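Trainee: A structural model of the following input is requested.
(chains A and B)
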Amino acid sequence: MIGTGIKRGTAELAVLSVLEHGPLHGYEMARRIERQTKGALRFTLAALYPMLYRMEQRGWIRGAWETSSSGRRRRCYRITPVGKKKLSPLRREWAELFGALRRLTKVSNA
Amino acid sequence: MRDWEALVEGHLTGLALEPAEGAEVIAELAAHLAESCEELRRQGMTEEEAVKRTLSQVEDWQNLRQKIESAITKENIMTNRVKQFWLPSLVTMLLTMGLLALIQIFGPNPWMVARKNAWSLIAPVAVIYLPWLLSLPLVGALGASLSFRSGGSQRAVFSSIVFPVLPYLVFFLLALPVMAIFNERLAHNIMFGALFVGLFAWVLAPGAALLAGGLLAQFFLSRRLDSRRIAGS
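Mentor: Prediction:
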C-alpha cells in the first residue's frame, strides 16, 4: 500500500486520468481507480468528494446530473479543456519524480 | 429500503452552502452510499453488514462536512461573487448608463417636470427620459439572467437588478441634502420638490422598471429549471 501523503498528491492525477477516457460518476470513478491500480489507490467517500468539488471549483472537471437506465440520478463528471491542459504537466511531474526515485533506489542498491 | 438521503442529511445538518448546492451534495453522497451498499449486498453480505461497511467509509461526518464546505466555498468564493453579483451588476450598470447617454445625445427630448409658479424659471424639478425607462426592463432581465444562470442566490439576483439605481439613491439621499446645507447657490426653494420628484424619476421609477423585467426573467428561468428537475427525476 502507498502512504497517505503520496496518495493525496496522486489522487488528482488519477481522477483526471480516468476521466480522460469518458464521463464517470463518483462511485464508478472510485471503483475504476481501485481496480486499475490493483487496490493501491482506494478512495472512500470522505476522501473522494471534497477533492472532486475542489477540482470542479478550479474548472478541471465539470459535474452534471444524469439519469441512468435504471432510473437512478447520478452526478457524472467530465474532464474540461482546462483539466486536459493540466493533465500533461501533472503526468510529466510525476513521471520525473518516479524516474528520480527509481534512479535513487538503483544507486542505493548498487 | 434505507433512506440514504435522510441519513446523509441528518449527518450533514448545518452544511454552510447555498440550499440548492447543499441539496445536491447530499443527493450525490447518498447515491454513492446507496450504490456502495447495493454492491456489497450483491457480493453476498447481509443488509446489516453491508450498511455497516458502507457507513465505515465516513469515520467522521463533522470532518467531512468541513472538508466539503472548505472545498466548495474557499476555493472559489471570489469567483462566485464575481460571476453572481459583480459581473451582472456591472453589465446592468453599463447598459443603463450607456442607454441614457445615447438617449441624451440622439433624443427624444426628456419630459421636464417643473413648478408652475413664479419660481419655475429657476430650474426644472426633474427630467424624465421615458424611452430610457421603457428600455430598463430588458436591462433588468439581462442582469437577473446572468446572475441566476451562474447560481446566484435570491439576494444576489435582486442586487444585480437594482445595482444601477444605487448611485442615484446615494445622490438623492446623501449628496443633495449635503449640497443644500453647504452650497448657498443651490435653489433651496425647490429642494423638497426636487428631492421627492428626483427620487421618483431617478430611483423609484427606474428601479421598478429594472425589477419588472428582472423578476419576470427570474420567474421564467426558475420555472424552466424546476421543469427540468422534474423531468430529470
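Trainee: and B:Leu15, that one's in a helix?
Mentor: No. Counting by DSSP: H, G, I helix; E, B strand; the rest coil, B:Leu15 is not part of a helix but coil.
Trainee: neighbours of it, how many?
Mentor: Applying other Cβ atoms under 10 Å in any protein chain shown, we find 21 residues neighbouring B:Leu15. To be clear about C-beta, it is placed using only N, CA and C from the backbone, and glycine gets the same treatment.
Trainee: got the phi and psi for it?
Mentor: Phi and psi for B:Leu15, reported as degrees, to the nearest 10, are phi -60, psi 120.
Trainee: all strands of the chain, in order?
Mentor: Looking at chain A here, since you left the chain open. A:24-25, A:61-67, A:73-79 (DSSP state E).
Trainee: meant chain B, my bad for not saying
Mentor: B:111-113, B:126-128.
Trainee: re earlier: turn the strands of chain A into CSV, including distance to A:Leu16, mean pLDDT and mean neighbour count.
Mentor: Converted to CSV, the strands of chain A look like this (distance: least, Cβ to Cβ, whole Å; pLDDT from 0 to 100; neighbours: other Cβ atoms under 10 Å in any protein chain shown):
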stretch, distance to A:Leu16, mean pLDDT, mean neighbour count
strand A:24-25, 12, 93, 21
strand A:61-67, 7, 89, 16
strand A:73-79, 6, 91, 19
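Trainee: which one, of the ones you listed, ends up nearest to chain B?
Mentor: In terms of Cβ to the nearest Cβ, the element of these nearest to chain B is strand A:73-79, at 4.8 Å.
Trainee: B:Leu95: what's it in contact with?
Mentor: B:Val139, B:Leu142, B:Pro164 (Cβ atoms under 8 Å, 6 or more residues apart in numbering or on different chains).
Trainee: what count of nearby residues applies to residue 43?
Mentor: Using chain A. 22.
Trainee: switch to chain B, please.
Mentor: By other Cβ under 10 Å, neighbour count at B:Gln43 equals 10.
Trainee: A:Phe98 too?
Mentor: 11.
Trainee: point out where the chain drops to low pLDDT.
Mentor: By default, I'm working from chain A. For chain A, the stretches with pLDDT under 70 are A:1-9, A:107-110.
Trainee: that was the other one, I meant chain B.
Mentor: B:1, B:74-79, B:113-126, B:183-194, B:225-233.
Trainee: run the last query once more with 80
Mentor: Along chain B, the model assigns pLDDT under 80 to residues B:1-2, B:13-14, B:16, B:73-81, B:107, B:109-127, B:149-153, B:175-198, B:222-233.
Trainee: longest helix in it, please.
Mentor: helix B:205-232 (DSSP state H).
Trainee: what does chain B have sitting close to chain A?
Mentor: By the rule Cβ under 8 Å from any Cβ of the partner chain, the part of chain B lying against chain A is B:24-25, B:27-29, B:31-36, B:57-60, B:63-64, B:67-68, B:70-72, B:75-76, B:79, B:232-233.
Trainee: returning to that earlier point: got JSON lines for the contacts of B:Leu95, with distance to B:Thr46 and neighbour count too?
Mentor: Formatted as JSON lines, the contacts of B:Leu95 follow (distance: Cβ to Cβ, whole Å; neighbours: other Cβ atoms under 10 Å in any protein chain shown):
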{"residue": "B:Val139", "distance to B:Thr46": "62", "neighbour count": "25"}
{"residue": "B:Leu142", "distance to B:Thr46": "58", "neighbour count": "19"}
{"residue": "B:Pro164", "distance to B:Thr46": "63", "neighbour count": "26"}
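Trainee: tell me which residue lies farthest from the centre of chain B.
Mentor: The centre of chain B is farthest from one residue, B:Gly44, which by Cα atoms, centre = their mean lies 50.8 Å away.
Trainee: and B:Val170, how many neighbours does it have?
Mentor: Other residues near B:Val170 number 12, with proximity taken as other Cβ under 10 Å.
Trainee: circling back: could you report the distance from the residue farthest from the centre of chain B to B:Leu55?
Mentor: The spacing between B:Gly44 and B:Leu55, counted by Cβ to Cβ, to the nearest Å, is 18 Å.
Trainee: buried residues in the longest helix of chain B?
Mentor: Neighbour counts over helix B:205-232 (16 or more other Cβ atoms under 10 Å in any protein chain shown) mark B:205-211, B:213-215, B:217-218, B:221 as buried.
Trainee: B:Arg149 contacts B:Gln218, correct?
Mentor: No. If you go by Cβ atoms under 8 Å, B:Arg149 and B:Gln218 don't touch, sitting 10.4 Å apart.
Trainee: now do stretch B:152-170: distance to the chain's middle.
Mentor: Averaging C-alpha positions (Cα atoms, centre = their mean, to the nearest Å) puts stretch B:152-170 7 Å from its chain's average.
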